[in-house]
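Undergrad: sequence? don't have it. structure:
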């Protein structure tokens, strides 16, 4: 173990990095979800096979989502620095990074939500319509609740993607494990710092994945029991 | 009463317009179990969806209890749909809800209070015989049980009408019978008017009192099941009702073929042997079948006799005398 790594541990830099990574990831994903969920619902509902087709709205939103999704995060980040400055008053530090993470993650989440909602059986939607349910009721009581396991799964995948983005944010002034690996490991040629950061990231990903899958299994009422034939 | 007047429906597709319904006229009276039978693609699913406006007709009028439902606004349409339950071939239950919550679903939409919902769900579980499955999820149920839940759900808001879209087509014969019996008792005990869409003859035979035969987007024949079954006029109805007749060997010109229809009293009389003895003609029986419709027996028989004018007139005179309906087959 290099002296630098020992010092980082004893100064509490490593544990601070873990905390900052988790904090940035969760805050960004949460806010991105709050934006991405309605966006995904609108895209899915306005689709030509959707509950209430609105072609122009669907086309515009779909186009915007695709633009943001097709720009690599590291480039999007740099391009969005002025936007962050307008929103949080600075283009440096975690506040600005969180804005960037949200901008990158929200369209991603919108697509996840859209595909989850599209998997809901059309017959069930038809049944709800036949009972006189309004589109709003169908969205709340049929689409979202029937797609719940898929939505949770999507949220887990999004969280892990955002976690990866936080590391990249370290290159342009973010903090957290990614920043530690770059400033102390890469720039000072201390491989062990890099490996420790990578290991901690892997552990965080595993924990998120396990917790997420546990919730999915708990919430999904379709799989954990086998059907009895007739 | 449900009345369809000149209802048409066409869908625009890339390769031109597809006509699903063409000038449909239909009258379903209160208390009926009205069967609509046709091959797949005939338009029967579109037809039933026009009744609760899941499909909007391209032309024509639909009157339910005297009101033209095509003029209804969203609010009235919603109220109308609460008065028309619907069940489906694939059950369409909410997989993430328990049986009880599935049945409560239309009650939530209709804004029933929690107490009312619970009370009604209990009644319905009892009605469909699933009291012990209250807390089960659909994935834990068999096909027949799922359809029972769907029936309970469709009846939750006490509708006057129930639409069944191929409701038994994915069930095995025994389960089909039990679901059909349930539908029949719902009709008799709760007075719910039922519209049954099917491609299976035995569904119509076992529960319907009236039937419409739909083919290539049009109704080709309709009336009392007993009449249509005894003497199907259209080609498609004959194919559906008397499929065995089509398998008979081709006839030659030395013979004449008659199809006899037995109903009522004559079913218990030795018509054929009397015919042979009294008319002194050789009779060949090609086909015979009997069916029970609404607890009455109906018989069909195809006979061949020599193609001689004298023989034919003797036989038709005798059949007229004993009041057996006959059709000369060509």
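TA: Nice, I can see it. What you see is a predicted model; the values in this text were computed from it and never measured. Numbering: from 1, shown residues only, chains lettered A, B, ... in the order given.

Undergrad: need phi/psi at the residue most central in space within chain A.
TA: Nearest residue to the geometric centre of chain A (Cα atoms, centre = their mean): residue A:158, 2.8 Å. Dihedral pair for residue A:158: phi -60, psi -40, per degrees, to the nearest 10.

Undergrad: tell me how far it lies from chain B.
TA: 21 Å (Cβ to the nearest Cβ, to the nearest Å). Quick note: C-beta positions are derived from backbone N, CA and C, even for glycine.

Undergrad: again, but for residue A:14
TA: Separation of residue A:14 from chain B (Cβ to the nearest Cβ): 42 Å.

Undergrad: run a quick neighbour tally on that residue.
TA: As a burial measure, residue A:14 scores 19 neighbours (other Cβ atoms under 10 Å in any protein chain shown).

Undergrad: please, which helix or strand holds it?
TA: Using DSSP states H and E, residue A:14 falls within helix A:13-46.

Undergrad: check residue B:297 too.
TA: strand B:296-306.

Undergrad: not counting that strand itself, show me its contacts.
TA: Contact with strand B:296-306 is made by B:226, B:229-230, B:242, B:245, B:248, B:251, B:254-264, B:267, B:272, B:281-292, B:311-312, B:315, B:329, as judged by Cβ atoms under 8 Å, 6 or more residues apart in numbering or on different chains.

Undergrad: so where's chain A shaky on pLDDT?
TA: Applying pLDDT under 70 to chain A flags residues A:223-230.

Undergrad: any chance you could map the helices in it?
TA: Taking DSSP state H as the criterion, chain A contains helices spanning A:3-10, A:13-46, A:55-70, A:73-79, A:81-88, A:93-118, A:122-130, A:135-137, A:144-146, A:148-169, A:177-180, A:191-219.

Undergrad: ok now the second one, how far from the chain's centre?
TA: The gap between where helix A:13-46 is centred and where its chain is centred comes out at 5 Å by Cα atoms, centre = their mean, to the nearest Å.

Undergrad: helices or strands next to that helix in the packing?
TA: Contacts defined by 3 or more Cβ pairs under 8 Å, 6 or more residues apart in numbering or on different chains; DSSP states H and E place helix A:13-46 against helix A:55-70, helix A:93-118, helix A:148-169, helix A:177-180, helix A:191-219.

Undergrad: in strands, which of the contacts of strand B:296-306 fall?
TA: Among the contacts of strand B:296-306, the members found in strands (DSSP state E) are B:255-263, B:284-292, B:329.

Undergrad: let me see the backbone angles for residue B:111.
TA: According to degrees, to the nearest 10, residue B:111 has phi 60, psi 40.

Undergrad: against chain A, how distant is it?
TA: 10 Å.

Undergrad: still on that earlier bit, highest mean neighbour count out of the helices of chain A?
TA: helix A:177-180 (a mean of 25; mean count of other Cβ atoms under 10 Å in any protein chain shown).

Undergrad: could you flag which of the ones in strands among the contacts of strand B:296-306 are buried?
TA: B:256-263, B:286, B:291 (16 or more other Cβ atoms under 10 Å in any protein chain shown).

Undergrad: residues in the stretch 1-150 of chain B within reach of chain A, list them.
TA: B:52, B:54, B:74, B:77-82, B:84-86, B:88, B:90, B:92-98, B:105-106, B:108-110, B:137-144, B:150 (Cβ under 8 Å from any Cβ of the partner chain).

Undergrad: try 6 Å this time
TA: Within the stretch 1-150 of chain B, the positions adjacent to chain A are B:52, B:78, B:81-82, B:86, B:88, B:90, B:92, B:95-96, B:106, B:109, B:137, B:139-140, B:142-144 by Cβ under 6 Å from any Cβ of the partner chain.

Undergrad: which of these are buried, as a PyMOL select command?
TA: Per 16+ other Cβ under 10 Å, the buried members of those correspond to this PyMOL selection:
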select buried, chain B and resi 52+78+81+82+86+88+90+92+95+96+106+109+137+139+140+143+144
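
Undergrad: in helices, which of the residues of the stretch 1-150 of chain B next to chain A appear?
TA: Of the residues of the stretch 1-150 of chain B next to chain A, the ones assigned to helices by DSSP H are B:78, B:81-82, B:106, B:109, B:143-144.

Undergrad: OK, contacts around residue A:130?
TA: B:52, B:86 (Cβ atoms under 6 Å, 6 or more residues apart in numbering or on different chains).

Undergrad: meant to ask about residue B:68
TA: Counting by Cβ under 6 Å, 6+ apart, residue B:68 touches residue B:61.

Undergrad: separation between it and residue B:198?
TA: Separation of residue B:68 from residue B:198 (Cβ to Cβ, to the nearest Å) stands at 28 Å.

Undergrad: please apply the same query to residue A:203.
TA: For residue A:203, the distance to residue B:198 equals 59 Å [Cβ to Cβ].

Undergrad: hmm, back to that, for the closest residue to the residue nearest to the centre of chain A other than its chain neighbours, what are its contacts?
TA: Ranked by Cβ to Cβ, 6 or more residues apart in numbering or on different chains and with sequence neighbours excluded, the top spatial neighbour of residue A:158 is residue A:109, at 5.0 Å. Residue A:109 is in contact with A:32-33, A:36, A:158, counting by Cβ under 6 Å, 6+ apart.
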